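Visitor: Sequence and predicted model, in that order:
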Amino acid sequence: MNAPIVDEADTLTRRSAVRWTQEAIEALFATPFNDLIHRAQSVHREHFDPNEVQLSTLLSIKTGGCPEDCGYCPQSVRFNTGVADQGLMPLDQVLAAARAAQANGATRFCMGAAWRGPKQRDIDQVATMIKAVRDLGMETCATLGMLKDGQAEQLSAAGLDYYNHNLDTAPDFYNEIVHTREQQDRLDTLGRVRGAGLSVCCGGIVGMGETRAQRAALIAQLANLSPYPESVPINNLVAVPGTPLADAAALDPLEFVRTIACARITMPRARVRLSAGRSEMSEAVQALCFLAGANSIFYGDKLLTTGNPEVERDQVLMGKLGLRPAAPIPNA
Ligand code: SAM
Ligand code: DTB
Ligand code: SF4
């Protein structure tokens, strides 16, 4: 019934050998639900306080007008989604948003920009934002698109802790969703991020019409990164009118929970983040996701351009479940 046990020594030394085959993860997906969740929760308890959740707040520092054509994204210039293009946000507004997020209990602040990749001038301006946010005592994360040689080092020097760059979907499905770049470009950026010593935040989206085997392939690709990402955002597609995926059939919520469980089992020490799509999820499904090993959320009334549960609603949910926010990192 069980897929191959994770070799703990392998995890510790973070060897580059394939840790998880797609087939082994497909076998996990096919496990009876109760067995799968029990296993995921057991792995979770070996590595984390099961009643703690890490809170990350997102801010779109540069919105819309992106030249890429990612079929899920409301910010592509190619789709008519009603998202207004906005230039880079001024520093004082970024800082005000970070202070508000911190006051609400968030420990990580993630700045997102709708770029194919940043130019040197963009890096300089974002570096100033990163320094200022870190000086507040928050962990910093940025998601700015593809990076060129040397850019990750500059972001790291400014005090960046995490860089978010998702693989988004299975290698054999990627080209059906995105036509303006290859998934290998994403892997190249992730290599630069690792090379600069930054922590990696990398996950994907489910509910885009992929098969279960393709969901397993995405998880396998993430789990076999060496080392695997410190943060793994699992997004449930927000089907935005005007995007090519506007009419995608919603994923069965229990399949979403299974995806979370597979991420937890295969990446035991990662923060697995319940990401986009939470507004459309019942409290009961979110509770199952926490049981399956999710231990992080995007926290704040907005994601980048779409909605997220209100802070007060999340505080009520955390109260009902007895979940405590993770403490801020002492050396931030
Ligand atoms: N432009 C940068 C990039 O693509 O890496 C950074 C911002 S981009 C919006 C960050 C991530 O948001 C994407 O990789 C994707 O996983 C997620 N995302 C975008 N639109 C989404 C949607 N409608 N539903 C779920 N996730 C979405
Ligand atoms: C991630 O994996 N999900 C976040 C964050 N990383 C940048 C973004 C979700 C965006 C959802 C669509 C929107 O709000 O525009
Ligand atoms: Fe641009 Fe990122 Fe949206 Fe793709 S996901 S269209 S790169 S903002």
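Guide: Perfect, I can see it now. Residues are numbered from 1 along each chain as shown. Ligands and ions are numbered 1, 2, ... in the order given.
Visitor: could you pull out the strands for the stretch 101-250 of the chain?
Guide: For the stretch 101-250 of the chain, applying DSSP state E, counting those that start in this stretch gives strands covering 108-113, 139-143, 162-164, 199-201, 204-206, 231-236.
Visitor: helix or strand right after the last one?
Guide: Elements were assigned by DSSP states H and E; along the chain past strand 231-236, the next helix or strand is helix 253-266.
Visitor: Can you mark which positions in that following helix are buried?
Guide: 253, 256-266 (16 or more other Cβ atoms under 10 Å). To be clear about C-beta, it is placed using only N, CA and C from the backbone, and glycine gets the same treatment.
Visitor: Ok, stretch 292-307 next?
Guide: 292-300, 303-305.
Visitor: Among these, which lie within helices?
Guide: Among those, none falls in helices (DSSP state H).
Visitor: List just the nearest of the residues you listed to Leu317.
Guide: Nearest to Leu317 among those: Ile297, at 9.3 Å, using Cβ to Cβ.
Visitor: who does the closest one bridge with?
Guide: For Ile297, the beta-bridge partners are Leu55, Leu274 (DSSP bridges).
Visitor: which residues does the residue nearest the centre of the chain contact?
Guide: Of all residues in the chain, the one closest to the mean position by Cα atoms, centre = their mean is Pro233, 2.3 Å from it. Residues in contact with Pro233 (Cβ atoms under 8 Å, 6 or more residues apart in numbering) are 164, 166, 201-204, 273, 275-276, 298.
Visitor: For it, list each beta-bridge partner.
Guide: Arg273.
Visitor: okay, it: pLDDT?
Guide: Note on Pro233: pLDDT of 98.
Visitor: Against Gly322, how distant is it?
Guide: Computed as Cβ to Cβ, to the nearest Å, the Pro233 to Gly322 distance reads 24 Å.
Visitor: where does the chain dip in pLDDT?
Guide: Along the chain, the model assigns pLDDT under 70 to residues 1-17, 329-332.
Visitor: Flag every residue of it that's near ligand 2.
Guide: 58, 74, 112, 143, 164, 166, 203, 233, 235, 238, 275-276, 303-306 (Cβ under 6 Å from any ligand atom).
Visitor: thinking again about what came up before, in a markdown table: the contacts of Pro233, plus distance to Arg45.
Guide: Shown next, in a markdown table, are these (distance: Cβ to Cβ, whole Å):
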| residue | distance to Arg45 |
| --- | --- |
| Asn164 | 27 |
| Asn166 | 27 |
| Cys201 | 23 |
| Cys202 | 24 |
| Gly203 | 22 |
| Gly204 | 25 |
| Arg273 | 18 |
| Ser275 | 22 |
| Ala276 | 27 |
| Phe298 | 24 |
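Visitor: Ligand 3: which of those is nearest?
Guide: Asn166 (8.3 Å; Cβ to the nearest ligand atom).
Visitor: related to what we said a few turns ago, out of the buried residues of helix 253-266, the closest to Ile25 would be?
Guide: Nearest to Ile25 out of those is Cys262 (Cβ to Cβ; 5.6 Å).
Visitor: Contact residues of the chain facing ligand 1?
Guide: 72-73, 75, 112, 114-115, 143, 145, 165-166, 168, 205, 235, 237-238, 240, 276, 304.
Visitor: Run through the residues of the chain sitting next to ligand 3.
Guide: Counting by Cβ under 6 Å from any ligand atom, the chain sits next to ligand 3 at 66, 68, 70, 73, 75-76, 114, 116, 145.
Visitor: Contact partners for the closest residue to Val200 other than its chain neighbours?
Guide: The shortest distance from Val200 to any non-neighbouring residue, by Cβ to Cβ, 6 or more residues apart in numbering, is to Pro229 (4.2 Å). Taking Cβ under 8 Å, 6+ apart, we find Pro229 in contact with 200-203, 222, 267, 270.
Visitor: Let's have those in JSON lines, adding neighbour count and distance to Ala157.
Guide: Formatted as JSON lines, the contacts of Pro229 follow (neighbours: other Cβ atoms under 10 Å; distance: Cβ to Cβ, whole Å):
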{"residue": "Val200", "neighbour count": "21", "distance to Ala157": "17"}
{"residue": "Cys201", "neighbour count": "27", "distance to Ala157": "19"}
{"residue": "Cys202", "neighbour count": "26", "distance to Ala157": "21"}
{"residue": "Gly203", "neighbour count": "25", "distance to Ala157": "26"}
{"residue": "Leu222", "neighbour count": "24", "distance to Ala157": "27"}
{"residue": "Met267", "neighbour count": "29", "distance to Ala157": "28"}
{"residue": "Ala270", "neighbour count": "26", "distance to Ala157": "25"}
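Visitor: Verify the stated contact: Phe298 with Arg271.
Guide: No - applying Cβ atoms under 8 Å as the test, Phe298 and Arg271 come out as separate, 11.8 Å apart.
Visitor: Return the residues in contact with Ala261.
Guide: Contacts of Ala261 (Cβ under 8 Å, 6+ apart): 28, 36-37, 39-40, 292-293.
Visitor: of the contacts of Pro229, closest to ligand 1?
Guide: Gly203 (7.0 Å).
Visitor: No further questions, thank you.
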